[in-house]
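**Student:** prediction below, plus the sequence it came from.
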Amino acid sequence: MPKPISQPHGLAEVTTLPALLRWRVGATPAAEAYRHFDATARRWISQSWQEIDAEFELWRRALVAEDLAPGERVAILMPNGIAHIAMDQATLSRGLVPVPMHAVDNPDSIAYILADSGALLLFVDTLERWQAIAATGQPLDHLRRIVCADGAGPVPADARIVALDRWLADAPGAAAPLADVAIKPDDLAAIVYTSGTTGRPKGVMLSHGNVVANVKAVAQRIAAMPHDVFLSLLPLSHTFERTGGYYYPIAAGACVAYARSVPQLAEDLKQVRPTVLISVPRIYERFYALIMQHRTAAGFIERALLDLTIAVGGRRFDARQGRAAPSLLDRLAWPLLKRLVADKVLAQLGGRLRVAVSGGAPIAEPVIRLFLALGLDILQGYGMTETSPVVSVNTPEDNDPRSVGRVLDGVEVRLSENDELLVRGPSVMPGYWHKEEETRRVKEPDGWLHTGDQARIENGRITITGRIKDILVTSTGEKIAPVDLETAILADPLFEQAIVVGEQRPFLAALVVLNAKAWAQEKERFAASGKQGEAAERAVLLARIAAAVKAHPSYATPRAVWWTLEPWTIAAGLLTPTLKNKRPALEHRFADEITRIYAKKPAAHAS
């Protein structure tokens, strides 16, 4: 029998993810580890580190019975929750490689990932989901086992299919302790597939050393406390959530509560009352839109109080960051404004949030400034799947919302000749799964990773200025980063989704999805003034877009607009599972609309 692996005495000694969990369970066995909503009992259930590890042990034993060799892949197609992390931890503990997949991805993409990764076991939420994957026609004969969380129903025709409860019940007994599997820092801890904005997703190989190094660096930059409660809402297939919302809380000894769903998020925030929130900008943008819609419908006094709170709070934030002198009047006014306005707004987020992190995409400055003014520290950061993922992040004491913060300790950054951000450090991936040429294209022999993002580095701060591949070059020779414009447009609550086009065209145009309720209110307002019809609607939309992008050069203002109320979806192939625009797919889907836009003379936008 292999010798037991010794227990690390501190986080500094941890080098693998199973060792991280062992260290945490040994350090604080009785502390709260996880919280989830039990639909049957209709209440939130808590589990300690010792209890959750005992539950994981059953999963480990079930996985041992599959007789998989170290290094073989286990695909996990599950929403966030205890079952997902139980399979992840069981997989890691046996020296196997998790392949987390987006629970909202389409069957064709999932089938491709299963085939590309060569996964031998699939853990899937429903039998129906597996049937949809199988119906794609992708050969998946290499799969030895399909474990269905919702049960397999009658005896399935495919002998590989088994219900989760049966799979766990058939696990070998606990007569003898499981022998530890020797795992090295260079062993793979995951193959995480990119979201595929421009083509087929690529499998990013991340080692235990990559992820643990990133967890330690994040812990040095932003200190979570054992009493903190994280609310997990990003998919665990997203590296941002895996590192920041799953492995990092283990290192910190903090509790993670799993949100039930996006529609129930507002209720979950109030019930869980988290102290830490990790999210992509879209969640903050939605709350911003609700606040702005409430402001529009409010009476004069309520609206004036909100505006005053934002103004005073904004100046207080700048003073706290050393960028302005604190005003006596602001100091006297703030306690009242906080009680009357700020606390009531932040109560919608549970009322206990002390820090919120935004990553995965740019966040519009008006959105982040609103929350900072209300007293919530929103910290913007930067990273990518290939860097495990965090490269840089702001801190509450050193927060410039226009930037993505300072680089983490142990990570190096520099700019190439065309201002592309290059990253090197222990959290940079070994490469792409079975794609050596793709790896050589982005990773230099000396370890520098080409991010594909253009940036500035000033006084140690990184500011992302655009995506190299996404730079639009108009027929007049102007170079424009469309993502910056789209982010600015989405700061207006009227717009739900947006894409800016104009490659080799004489001007830019915006294709937008409107918020139905806000658009109905807007149409009522301009109809009351005697304006109506498509031309009036277009003029209003162009004016709103021009106002949203006023900080950009005049040539970057879209001069034409096409709009719809029908959202772009993942199922339609227009968004990635992380809700980013699939630019080629959108341009192909709306090719006729774009052609008609440029066949007309653009309307002069309102100033």
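**Tutor:** Perfect, thanks for sending it. Residues are numbered from 1 along each chain as shown.

**Student:** which pLDDT value goes with Gly196?
**Tutor:** Gly196 carries a pLDDT value of 62.

**Student:** go through this protein and flag its longest strand.
**Tutor:** strand 449-458 (DSSP state E).

**Student:** quick one: residues contacting Thr385.
**Tutor:** 192, 194, 204, 206, 239, 429 (CB atoms under 8 Å, 6 or more residues apart in numbering). The C-beta positions use only the backbone N, C-alpha and C, and glycine is treated the same way.

**Student:** of those residues, which is the nearest to Asp377?
**Tutor:** Minimum distance to Asp377 across those is 22.9 Å, recorded for Thr239 (CB to CB).

**Student:** distance of the closest one relative to Pro139?
**Tutor:** Distance from Thr239 to Pro139, counting by CB to CB, to the nearest Å: 28 Å.

**Student:** so those two - more neighbours on which side?
**Tutor:** Each of Thr239 and Pro139 has its neighbours counted (other CB atoms under 10 Å); Thr239 has more, 27 against 9.

**Student:** surely that one is in contact with Leu206?
**Tutor:** Yes - between Thr239 and Leu206 there is a contact at 7.5 Å, judged by CB atoms under 8 Å.

**Student:** common neighbours of the two, please.
**Tutor:** Listed as contacting both Thr239 and Leu206 by CB under 8 Å, 6+ apart are 192, 385, 388.

**Student:** what sits against the last one?
**Tutor:** Shown here is Ser388, whose contacts under the criterion CB under 8 Å, 6+ apart are 206, 210-211, 213-214, 239, 243, 427-429.

**Student:** try 6 Å
**Tutor:** Contact analysis of Ser388 by CB atoms under 6 Å, 6 or more residues apart in numbering lists 206, 210-211, 214, 427.

**Student:** same deal with the first one?
**Tutor:** The contact partners of Val192, taken as CB under 6 Å, 6+ apart, are 204, 239, 385.

**Student:** how about these in CSV, adding pLDDT and distance to Ala30?
**Tutor:** Compiled in CSV, the contacts of Val192 are given as follows (pLDDT from 0 to 100; distance: CB to CB, whole Å):
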residue, pLDDT, distance to Ala30
Val204, 97, 36
Thr239, 94, 31
Thr385, 95, 35
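
**Student:** between these, which is nearest Ala585?
**Tutor:** Using CB to CB, the contacts of Val192 come closest to Ala585 at Thr385, 20.0 Å.

**Student:** just the contacts of Ser388: which are in strands?
**Tutor:** Short answer: those in strands (DSSP E) are Leu206.

**Student:** pLDDT weak spots in the stretch 501-607 of the chain?
**Tutor:** Within the stretch 501-607 of the chain, the ranges that satisfy pLDDT under 70 run 601-607.

**Student:** now the strands for it?
**Tutor:** Counting by DSSP state E, counting those that start in this stretch, the stretch 501-607 of the chain has these strands, from start to end: 509-514, 560-564.

**Student:** ranking these by burial, who's on top?
**Tutor:** Mean neighbour count (mean count of other CB atoms under 10 Å) peaks for strand 509-514 among those, with a mean of 22.

**Student:** and it, which strands flank it?
**Tutor:** Using DSSP bridges, the strands paired with strand 509-514 in its sheet are strand 495-501 (antiparallel), strand 560-564 (parallel).

**Student:** show me where the stretch 1-150 of the chain has strands.
**Tutor:** Using DSSP E, counting those that start in this stretch, the strands of the stretch 1-150 of the chain run over residues 32-38, 43-48, 73-77, 97-100, 121-124, 145-148.

**Student:** mean neighbour count added to those strands, as CSV?
**Tutor:** Listed next are those as CSV, based on neighbours: other CB atoms under 10 Å:
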stretch, mean neighbour count
strand 32-38, 19
strand 43-48, 14
strand 73-77, 25
strand 97-100, 26
strand 121-124, 25
strand 145-148, 23
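
**Student:** need those strands in JSON lines with mean pLDDT, can you?
**Tutor:** Below are the strands of the stretch 1-150 of the chain laid out as JSON lines (pLDDT from 0 to 100):
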{"stretch": "strand 32-38", "mean pLDDT": "97"}
{"stretch": "strand 43-48", "mean pLDDT": "97"}
{"stretch": "strand 73-77", "mean pLDDT": "98"}
{"stretch": "strand 97-100", "mean pLDDT": "98"}
{"stretch": "strand 121-124", "mean pLDDT": "98"}
{"stretch": "strand 145-148", "mean pLDDT": "97"}
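
**Student:** will you turn the ones you listed into JSON lines that also has distance to Ile462?
**Tutor:** As requested, the strands of the stretch 1-150 of the chain are exported to JSON lines (distance: least, CB to CB, whole Å):
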{"stretch": "strand 32-38", "distance to Ile462": "34"}
{"stretch": "strand 43-48", "distance to Ile462": "38"}
{"stretch": "strand 73-77", "distance to Ile462": "32"}
{"stretch": "strand 97-100", "distance to Ile462": "27"}
{"stretch": "strand 121-124", "distance to Ile462": "37"}
{"stretch": "strand 145-148", "distance to Ile462": "42"}
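
**Student:** the ones you listed: which one's closest to Pro185?
**Tutor:** With CB to CB as the criterion, Pro185 lies closest to strand 97-100 of those, at 14.3 Å.

**Student:** for the closest one, the distance to its chain's centre please.
**Tutor:** 18 Å (CA atoms, centre = their mean, to the nearest Å).

**Student:** convert the C-alpha atoms of stretch 260-276 to CSV, please.
**Tutor:** C-alpha atoms of stretch 260-276 as CSV (Å, rounded to 0.1, in the frame of the first residue of the first chain):
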residue,chain,number,x,y,z
ARG,A,260,-30.4,28.6,-6.6
SER,A,261,-30.8,30.3,-10.0
VAL,A,262,-30.5,33.7,-11.7
PRO,A,263,-34.3,34.3,-11.4
GLN,A,264,-34.0,33.7,-7.6
LEU,A,265,-30.8,35.7,-7.2
ALA,A,266,-32.4,38.7,-5.7
GLU,A,267,-34.1,36.5,-3.0
ASP,A,268,-31.0,34.5,-2.4
LEU,A,269,-29.0,37.7,-1.8
LYS,A,270,-31.4,38.8,0.9
GLN,A,271,-31.6,35.3,2.5
VAL,A,272,-27.9,34.4,2.4
ARG,A,273,-26.7,38.0,3.0
PRO,A,274,-23.2,37.3,1.6
THR,A,275,-20.1,39.4,2.5
VAL,A,276,-18.2,38.6,-0.7
